[in-house]
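Kindly generate the corresponding structure for this input.
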Amino acid sequence: MLYRESGDFSSTYAEDSQTFPIKFDRYRYYFVLFIAIAVIPFMINDYWVNSLFLPFLIYAIAAIGLNILVGYCGQVSLGTGGFMAVGAYACYKFMTAFPEVSMLVHVLLSGLVTACVGVLFGLPSLRIKGFYLAVATLAAQFFLVWLFNRVPWFYNYSASGQISAPERTFFGIEITGPNTQAWATYLFCLMFVIFSAYVARNLTRGSVGRKWMAIRDMDIAAEIIGVSPLRAKLTAFAVSSFFIGISGALFFSVYLGAVEVGEVFGIQKSFLVLFMIIIGGLGSIFGSFAGAAFLVLLPVALKIVGVDWLGWPTDIVAHLQLVIVGGLIIIFLIAEPHGLAQLWRVAKEKLRLWPFPH
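Predicted coordinates for the structure are as follows:
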């Protein structure tokens, strides 16, 4: 058997309720973390970072944030792109107004600003839900994009209407601007991914997460047993927007370097992150990572196979990607609503019993 559970028991409540109660799972987690921190930075180049690792890490943070709101609290949101734009523009204003402050502080403050905006647009959730809440958050998406386009103060009265990240360092190493190194930007984003996953995992397993899930399952029953819908829904919007704001700040400052809000943070971005959590699995932190990895790797894999190997035109490959993503969303919504995360859980249960059938 791949899982050696003989002699692996818990003697305290803390051991019994830990995230990885089986030693094999803990060792595997530590191994993956060691590879991500101590091995990958020495093996990657600019191509791998810009095409795979940075998009995956940044989208994983955004997917974690949206999964908290949609998967754990049950509040539908289509304004992810707009909230990412809030994080990006807040980071830009902090970087230009306070150049002596650490980039770490800028990104965290951008998340806090986005959390405040998320709470503001989350107020309609106290009265409406479902399709009507989705339309309200969609209105927030269009309003925020319009706001950043029409108010010159947000882009410092630039003639082009774009925002560009100035050069900034973290412990003396450049992480924004044209002279960055691949390993530095990777580790900077990885630090926020680890922080986001750790905070989200502990929140969803604690009393706050249980209140979110009670609201998701049946809000009227949750209110009867003492859960405040006001506090639960607004904290979900705040925490979700905080993570999404961090991802928007990193997407602008570390990954792209210069953005135009309508092109980068349009409605397509909101649907992309929503597709990530649907395919990865609603109500699962691992599902956020799985969905982000799948939708980041899919275009690269299709380009290699379709364009480089088979010689297909690039427009056919681009349309094929849309067909595959749409088909998978339909399949997962019908056959496996919990996405890739549930398939992974089933596979682990099979491995725990292999090679025995029962």
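
Give me the residue ranges of the protein where confidence is low.
For the chain, residues meeting the criterion pLDDT under 70 lie at 1-7, 355-358.

ok, which stretches of it are strands?
163-164, 168-170, 173-176, 258-259 (DSSP state E).

residue contacts, Val227?
Lys211, Ala214, Ile215 (Cβ atoms under 8 Å, 6 or more residues apart in numbering). Heads up, the C-betas are built off the backbone N, CA and C, glycines and all.

separation between the spatially closest residue to Phe252 that is not a sequence neighbour and Val107?
Closest residue to Phe252 apart from its sequence neighbours, by Cβ to Cβ, 6 or more residues apart in numbering: Ala88 at 3.6 Å. Applying Cβ to Cβ, to the nearest Å, the value for Ala88 to Val107 is 11 Å.

try Ser164
Using Cβ to Cβ, Ser164 is found at 17 Å from Val107.

before we move on, the earlier item: most neighbours among the contacts of Val227, which one?
When neighbours are taken as other Cβ atoms under 10 Å, the top entry among the contacts of Val227 is Ile215 (26 neighbours).

right, and it touches Ala222 too?
Yes. Taking contacts as Cβ atoms under 8 Å, Ile215 lies within contact range of Ala222: 5.1 Å.

any common contacting residues for the two?
The contact sets of Ile215 and Ala222 overlap at Pro229, Ala232 (Cβ under 8 Å, 6+ apart).

Give the buried residues for the helix ranked longest in the chain.
As assigned by DSSP state H, the longest helix anywhere in the chain is helix 182-205. Applying a neighbour-count criterion of 16 or more other Cβ atoms under 10 Å, the buried positions in helix 182-205 are 182-190, 192-193, 196-197, 200, 203-204.

Name the member of these with the shortest distance to Lys23.
Set against Lys23, the nearest of these by Cβ to Cβ is Ala197 (20.5 Å).

Disregarding flanking residues, what is the spatial nearest neighbour of that closest one?
Of all residues not flanking Ala197 in the chain, Ile285 sits nearest, at 6.0 Å (Cβ to Cβ, 6+ apart).

So what's the residue count around Ala347?
By other Cβ under 10 Å, the residues close to Ala347 number 10.

what does Thr80 give?
The burial count for Thr80: 32, using other Cβ under 10 Å.

wait, what's in contact with it?
Thr80 neighbours (Cβ under 8 Å, 6+ apart): Ala62, Gly65, Leu66, Gln141, Ile244, Lys269, Ser270, Val273, Leu274.

Then Val254?
Under the criterion of Cβ under 8 Å, 6+ apart, the neighbours of Val254 are Leu54, Ile58, Ala165, Ile175, Thr176, Thr180, Thr185, Phe188, Cys189.

nearest to Lys350, of those?
Nearest member of the contacts of Val254 to Lys350, counting by Cβ to Cβ, is Ile58, at 32.8 Å.

isn't that closest one right up against Leu250?
Yes. Ile58 is in contact with Leu250 according to Cβ under 8 Å; the separation is 5.0 Å.

Nearest to Leu256 among the buried residues of helix 182-205?
For the buried residues of helix 182-205, the residue nearest Leu256 by Cβ to Cβ is Thr185; the value is 11.4 Å.

list the contacts for that closest one?
Applying Cβ under 8 Å, 6+ apart, the residues contacting Thr185 are Val49, Leu54, Ile175, Val254, Tyr255.

Among the residues you listed, which one is most surrounded by other residues?
Val254 leads these on contacts (other Cβ under 10 Å) with 27 neighbours.

gap between it and Glu174?
Val254 is 11 Å from Glu174, where distance means Cβ to Cβ.

where do the contact lists of the two overlap?
Jointly contacting Val254 and Glu174 under the rule Cβ under 8 Å, 6+ apart are Thr180.

From the rest of the structure, what touches stretch 67-77?
Contact partners of stretch 67-77, identified using Cβ under 8 Å, 6+ apart, comprise 66, 122, 125, 129-131, 133-134, 137, 200, 203-204, 209, 212-213, 215-217, 219, 232-233, 236-237, 239-240, 243, 270, 274, 277, 280-285, 287-288.

okay, how far is it across that stretch, tip to tip?
10 Å (Cα to Cα, to the nearest Å).

can you check stretch 60-73 too?
18 Å.
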